[in-house]
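Participant: Sequence and predicted model, in that order:
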Amino acid sequence: MSDHPAIRRIAINTGGGDAPGLNAVIRAVVLAAHNHGWECFGIRDGFNGLMFPEQYSDGGAFRLTEAHVRGITHLGGTILGTTNRGNPLSYPTPMPDGTIVEVDRSDDLVRLLAERDIDALVMVGGDGSLTIADALVRKGVRVVGVPKTIDNDLDQTVITFGFDTAVAFATECIDRLHSTAASHRRVLVVELMGRYAGWIALNAGISGTADAILLPEIPYNLQHVADKILERERAGHTFSIIVVAEGARPLGGSVSVLAREVGRAERLGGVGERVAAELQALTSKETRVVVLGHLLRGGTPTSFDRLIALRFGAAAVRALAEGYSGVMVALDPPTVRYVPLELVAGRMKTVPLDCDTIVTARDLGICLGD
């Protein structure tokens, strides 16, 4: 609980990668704030709307009314925009000699919030955004975080909104690939997002009846996967589906990285191509790769994600009304509780190797590459 003065105006921003359900959170925050008699402002593109207002026709932050959020619950994306660049704690700044260094601009951000008369902030995002939220709290800003990521890798919450939609779409895609793989007697490798956590790959792979699933949590030996494919071949099953998380890595090897940029998390990708090429060499079976990539981020959220997003948004405003700051709303079925941001910032929830879903995969005979 905090000793902040009464709230008159709050702001909401969405940061990091987009996820189905963001607009539902925005709607819930705006409507709940309105019911408390508070004004609610939306900040464009993470914090860019505050830091670079000249780039926006509306000044980068604008009052959100009930009209702005009418009919947006079912829409993918975010009406506020988002970005995974320009972390204010380590902002890329050009030097006179042409080099780029990372500068802490959080004090500028605190000042800009005060200039806008923002009494409290609802920050919707993943680990990076909530780490920024924790830093702002330490500088005196009243903040409540809302967990968002399709990767489901945030600690202290059973699930994040966006994850269910991503898994549902990935499963549908894997379902579709079965028929083409069977028709051509091919091995199909499906690369899925998830960064350094294998939640999407594991859940979609089991639901889509994949024959092997490669996760970041279990370094793989592709010979075991090749043996599984050849075993299926001998049993008369002439095709195989291999699901690979983008952060999967070989035993003794490293993850596949497409790009590294100052002020931005490294961009993973390429593991699907690597796995497909090696499996074709090991099995002599024609192998193709499908990278679903950003398709997992877009589209209409499932009813589950809509409901969780609405519950999280309403709970964030409720937390502020009850005097809380420095907390994240988290799903702890059947309730939404408040968790200190310091227990979330900088932490990652990976798939436990002894969890029931992993055990289920092994019981079903799915190869996990070990």
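Facilitator: Happy to help now that I have it. Keep in mind the model is a prediction, meaning the values are calculated, not measured.

Participant: Let me see the contact set for the residue lying closest to Y91 once chain neighbours are set aside.
Facilitator: Nearest in space to Y91, with sequence neighbours left out and distances taken as Cβ to Cβ, 6 or more residues apart in numbering, is R105 at 4.5 Å. Bear in mind the C-beta positions are built from the backbone N, C-alpha and C, glycine included. By Cβ atoms under 8 Å, 6 or more residues apart in numbering, the residues touching R105 are 51, 88-89, 91.

Participant: and what of N203?
Facilitator: By Cβ under 8 Å, 6+ apart, the neighbours of N203 are 167, 171, 357.

Participant: So which of these sit within helices?
Facilitator: Members of the contacts of N203 lying in helices (criterion: DSSP state H): 167, 171, 357.

Participant: can you map out the helices along the stretch 1-150 of the chain?
Facilitator: All helices of the stretch 1-150 of the chain, identified by DSSP state H, counting those that start in this stretch, fall at 22-35, 48-51, 106-115, 127-138.

Participant: nearest to A309, of those?
Facilitator: Among these, helix 22-35 comes nearest to A309, with 3.6 Å by Cβ to Cβ.

Participant: Buried residues of that closest one, list them for me.
Facilitator: 22-34 (16 or more other Cβ atoms under 10 Å).

Participant: So the one residue sitting closest to the centre of the chain versus R44, what's the distance?
Facilitator: Centroid-nearest residue in the chain: T149, 2.2 Å away (criterion: Cα atoms, centre = their mean). To R44, T149 is 21 Å away according to Cβ to Cβ, to the nearest Å.

Participant: Next: L251.
Facilitator: Taken as Cβ to Cβ, the span from L251 to R44 is 45 Å.

Participant: what does G71 give?
Facilitator: For G71, the distance to R44 equals 20 Å [Cβ to Cβ].

Participant: And Q280, by the same measure?
Facilitator: 46 Å.

Participant: Compare these two (neighbour count), which wins?
Facilitator: Using other Cβ atoms under 10 Å, the more surrounded residue of Q280 and R44 is R44, with 24 against 17.

Participant: OK, contacts around the more buried one?
Facilitator: 56, 58, 60-61, 80-81.

Participant: Let's see which of those end up in strands.
Facilitator: Cross-referencing the contacts of R44 against strands under DSSP state E gives A61.

Participant: would TSV of the contacts of R44 with neighbour count and distance to E286 be doable?
Facilitator: Shown next, in TSV, are those (neighbours: other Cβ atoms under 10 Å; distance: Cβ to Cβ, whole Å):
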residue	neighbour count	distance to E286
Y56	15	51
D58	11	53
G60	21	52
A61	22	54
L80	23	45
G81	18	42
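
Participant: What pLDDT is listed against the residue lying closest to R337 once chain neighbours are set aside?
Facilitator: Excluding the flanking residues, the one nearest R337 by Cβ to Cβ, 6+ apart is A330, at 5.7 Å. Note on A330: pLDDT of 97.

Participant: ok so A330 is a strand residue?
Facilitator: Yes. A330 forms part of a strand when assessed by DSSP: H, G, I helix; E, B strand; the rest coil.

Participant: about what we covered before: now for the contacts of R105: which two are most distant?
Facilitator: With Cβ to Cβ as the measure, no two of the contacts of R105 lie farther apart than M51 and L89, at 12.7 Å.

Participant: Out of the ones in helices among the contacts of N203, grab the one that's most surrounded.
Facilitator: That'd be V167 among the ones in helices among the contacts of N203, by other Cβ under 10 Å, with 25 neighbours.

Participant: so that residue sits right up against G205, yeah?
Facilitator: No. Using Cβ atoms under 8 Å as the test, V167 is too far from G205 to be in contact (9.7 Å).

Participant: mind checking the SS state of L353?
Facilitator: For L353, the secondary-structure state derived from three-state DSSP is coil.

Participant: likewise V336?
Facilitator: Going by three-state DSSP: V336 is strand.

Participant: Provide the count of other residues in contact range of it.
Facilitator: V336 has 18 nearby residues by other Cβ under 10 Å.

Participant: pretty sure it is touching A330, no?
Facilitator: Yes. Look at V336 against A330 with Cβ under 8 Å: they come within range, at 6.8 Å.

Participant: what about the stretch 1-150 of the chain, any weak spots by pLDDT?
Facilitator: Scanning the stretch 1-150 of the chain for pLDDT under 70 picks out 1-4.

Participant: how about 80 then?
Facilitator: Low-confidence segments of the stretch 1-150 of the chain, defined by pLDDT under 80, are located at 1-5, 85-86, 98.

Participant: Tell me which stretches of the stretch 251-370 of the chain form strands.
Facilitator: 257-261, 264-268, 287-291, 327-332, 335-340 (DSSP state E, counting those that start in this stretch).
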